[in-house]
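Asks: Quick check, what structure comes out for this input:
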Amino acid sequence: EITRRPTAQPADQTRNKAEYLLLGASEALRYNNMMVSYNTTYNKIGDLFRTNSFDPPTYPIENNIWGSRAGSGTFSSMFDMVLNGVEYANNPTDRHIDENGDTVETKPFAMPVGENSDIFQNDMRELSVENEFDAVITDPPYYDNIIYSELSDYFYVWQKVVLEQEYDCFTEKQTPRVESIVTNPYLDKTAEDFEHEMGEALAVINRVLKSDGKLVFTYHHSDSESWGELLRSLCNNEFEVTATYPVNSDLNKFTKGEAVSFDIVIVARPSDERQPISWNSLRRHIVRTAKETRETLEDNRELSGGDIGVIEMGKCFQEYSKHHGQVQRAGDVMSAKEVVDEIYGIIQETDRGEEDIYLDLQEDWNPTYDDLSKYLRRSDASEAQMKEKHLFRMEGGDFVLCEWDDEKRQAYVQSKVEEGNGDLTTLDKVHFLRYRFEQGKSTSNYLEQWNEDELRELCEGLAEVTGDETYLKMVGVDTSLTEFGDE
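Replies: Predicted coordinates:
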């Protein structure tokens, strides 16, 4: 009733004050119910939505709703919070850390928060404008992690009493369900529904953004399927991830999976250009990116494995989005889900052996010993291993990367084949097959014995970095280098 009493003030002021009171009361509902427990760590009452779910405690407690000399979650403390927000909105400032490590607050900005701006509530998929916005900044649905519409009913039924005569969105008995972009078995909303509906939203965002506009959003989920659906929807609607940034997250938003301190802020831009690439080359780039990211973080920050994995994930997706729908692997185009699954494995392992180093050097123009040393520092290979396998040699002070037809390299490979002890690497096999192919000798027996997919995958990578299509022909890959593009 405190929000509905008549006053002699102007209608707008009366409505604003009523809604401020309602905000305070609505927030106090989180702490004034029989589904909260006592937080013994901080000696205060807990929060109903501490895990963003309805989680009844074993020993519920009651709060003092109107407040007392001390305590949290009361109406008076929540209304003070609302007033602080209103005061800040009228005189907004910013804070930063100066060179001395001190927190410095700026002078109030010239324009209050919300001035010269409009707020609309609706399904954004119904927007009809084009090339209108410089940026779209959003916090998209978390797949199946939080069903916000169901949780929101707790507040909605109270707010509806006061607001249903003021706003059309409060006319229904409960918050929208079917329109929510989530996976929800209760409503038979599947992963396919999530991908389709997220795609609808992203298509609209692409249309309403200016050509140089940005889409900025946060995302986190511990499941590779969730990331795969999001990434596929993003790339299928002509977006390219151009930057990723870790930010402190709300730990209460996650109800399962490894605890993390970070969300990823993803920046994407409209782009209809995708660069073809072989999976071998993309994998090496992703492994290198993940390893460099991990080493930098481990050297400079004390972070959990989950935190580092989230940050690595963002960087790897940024690398993939340049090539979505154009990643060739053993003659097939990889799906976003397949790439995401591989990225998850890469982040767990991040192994880089001599094969990766060899292709990195092939990719460089006129590689040097310093290049070898640089790549070895971020790998699991050693100079001694590569020298033993005759993958490089030194001639005087010059570094020489050994090709398939190098005499000592080929002697080493053939001796390994003759030994038949299973110690052959995929690169050894490819160099052996290339020699026989050039000599006009049969390779069919060896192709039948060895893993054809591994051979084709490496041959695609070698063809791409060397520009030599013979690597494709010798294993029967009916693809030209133009399908991989220029690296």
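Asks: distance of residue 174 from residue 153?
Replies: Applying C-beta to C-beta, to the nearest Å, the value for residue 174 to residue 153 is 5 Å. (Glycine included, C-beta is placed from N, CA and C.)
Asks: what residues are up against residue 218?
Replies: 139, 247, 263-266 (C-beta atoms under 8 Å, 6 or more residues apart in numbering).
Asks: Three-state assignment for residue 246, please.
Replies: strand (DSSP: H, G, I helix; E, B strand; the rest coil).
Asks: ok, how many other residues are close to it?
Replies: Number of residues near residue 246 (other C-beta atoms under 10 Å) recorded here: 20.
Asks: can you tell me how far residue 463 sits from residue 291?
Replies: In terms of C-beta to C-beta, residue 463 sits 25 Å off from residue 291.
Asks: Which one of the two is surrounded by more residues?
Replies: Using other C-beta under 10 Å as the criterion, residue 463 and residue 291 rank with residue 463 on top: 25 against 20.
Asks: just checking, the more buried one touches residue 469?
Replies: Yes - under the criterion of C-beta atoms under 8 Å, residue 463 makes contact with residue 469 at 5.7 Å.
Asks: which regions of the stretch 301-450 of the chain sit below the pLDDT cut-off?
Replies: 301-307, 309-310, 348-351, 378, 421-422 (pLDDT under 70).
Asks: quick one, strands of it?
Replies: Applying DSSP state E, counting those that start in this stretch to the stretch 301-450 of the chain gives strands spanning 327-329, 332-333, 392-395, 398-401.
Asks: now these in TSV, with distance to residue 417 and mean neighbour count?
Replies: Putting the strands of the stretch 301-450 of the chain into TSV (distance: least, C-beta to C-beta, whole Å; neighbours: other C-beta atoms under 10 Å) gives the following:
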stretch	distance to residue 417	mean neighbour count
strand 327-329	26	23
strand 332-333	28	12
strand 392-395	21	13
strand 398-401	22	14
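Asks: any chance of these in TSV, plus distance to residue 80?
Replies: Output for the strands of the stretch 301-450 of the chain, formatted as TSV (distance: least, C-beta to C-beta, whole Å):
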stretch	distance to residue 80
strand 327-329	55
strand 332-333	58
strand 392-395	70
strand 398-401	69
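Asks: one step back: return a PyMOL selection command for the buried portion of the contacts of residue 218.
Replies: Buried subset of the contacts of residue 218, written as a PyMOL selection, criterion 16 or more other C-beta atoms under 10 Å:
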select buried, resi 263+264+265+266
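Asks: can I get the contacts of residue 218 in a markdown table with distance to residue 130?
Replies: As requested, these are exported to a markdown table (distance: C-beta to C-beta, whole Å):
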| residue | distance to residue 130 |
| --- | --- |
| 139 | 24 |
| 247 | 31 |
| 263 | 30 |
| 264 | 29 |
| 265 | 26 |
| 266 | 23 |
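Asks: Name the nearest of the contacts of residue 218 relative to residue 428.
Replies: Nearest to residue 428 out of the contacts of residue 218 is residue 264 (C-beta to C-beta; 39.3 Å).
Asks: Compute the number of surrounding residues for the closest residue to the closest one other than its chain neighbours.
Replies: Among residues not flanking residue 264 along the chain, residue 314 sits closest, at 4.1 Å (C-beta to C-beta, 6 or more residues apart in numbering). When counting by other C-beta under 10 Å, one arrives at 23 neighbours for residue 314.
Asks: OK, contacts around residue 314?
Replies: Residue 314 touches 244-246, 264, 266, counting by C-beta under 8 Å, 6+ apart.
Asks: Of the residues you listed, which pair is most distant in space?
Replies: Maximum distance among these (C-beta to C-beta): 10.9 Å, for 246 and 266.
Asks: can you give me the strands for the stretch 151-300 of the chain?
Replies: Using DSSP E, counting those that start in this stretch, strands in the stretch 151-300 of the chain cover 209-219, 239-248, 262-270, 277-278.
Asks: just checking, residue 430 touches residue 462?
Replies: Yes - with contact defined as C-beta under 8 Å, residue 430 reaches residue 462; the gap is 6.7 Å.
Asks: who touches both of the two?
Replies: Joint contacts of residue 430 and residue 462 (C-beta under 8 Å, 6+ apart) are residue 471.
Asks: Pull the lengthiest helix in the chain out as PDB, backbone CA atoms only.
Replies: Counting residues, the longest helix found in the chain (DSSP state H) is helix 279-300. Output in PDB follows, covering the C-alpha atoms of helix 279-300 (Å, rounded to 0.1, in the frame of the first residue of the first chain):
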ATOM      1  CA  TRP A 279      42.600 -28.300 -39.600                       C
ATOM      2  CA  ASN A 280      46.300 -29.100 -39.200                       C
ATOM      3  CA  SER A 281      47.300 -25.400 -39.600                       C
ATOM      4  CA  LEU A 282      44.400 -24.200 -37.400                       C
ATOM      5  CA  ARG A 283      45.100 -26.700 -34.700                       C
ATOM      6  CA  ARG A 284      48.700 -25.600 -34.600                       C
ATOM      7  CA  HIS A 285      47.600 -21.900 -34.300                       C
ATOM      8  CA  ILE A 286      45.100 -22.800 -31.600                       C
ATOM      9  CA  VAL A 287      47.600 -24.900 -29.600                       C
ATOM     10  CA  ARG A 288      50.200 -22.100 -29.800                       C
ATOM     11  CA  THR A 289      47.600 -19.500 -28.800                       C
ATOM     12  CA  ALA A 290      46.500 -21.700 -25.800                       C
ATOM     13  CA  LYS A 291      50.000 -22.400 -24.700                       C
ATOM     14  CA  GLU A 292      51.100 -18.700 -24.900                       C
ATOM     15  CA  THR A 293      48.000 -17.600 -23.000                       C
ATOM     16  CA  ARG A 294      48.500 -20.200 -20.300                       C
ATOM     17  CA  GLU A 295      52.200 -19.400 -19.800                       C
ATOM     18  CA  THR A 296      51.500 -15.600 -19.700                       C
ATOM     19  CA  LEU A 297      48.700 -16.100 -17.100                       C
ATOM     20  CA  GLU A 298      50.800 -18.500 -15.000                       C
ATOM     21  CA  ASP A 299      53.700 -16.100 -15.000                       C
ATOM     22  CA  ASN A 300      51.700 -13.000 -14.000                       C
END
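Asks: Which neighbouring elements make contact with that helix?
Replies: In this structure, helix 279-300 packs against helix 305-320, strand 327-329, helix 336-349, helix 354-363, helix 452-466, with contacts taken as 3 or more C-beta pairs under 8 Å, 6 or more residues apart in numbering; DSSP states H and E.
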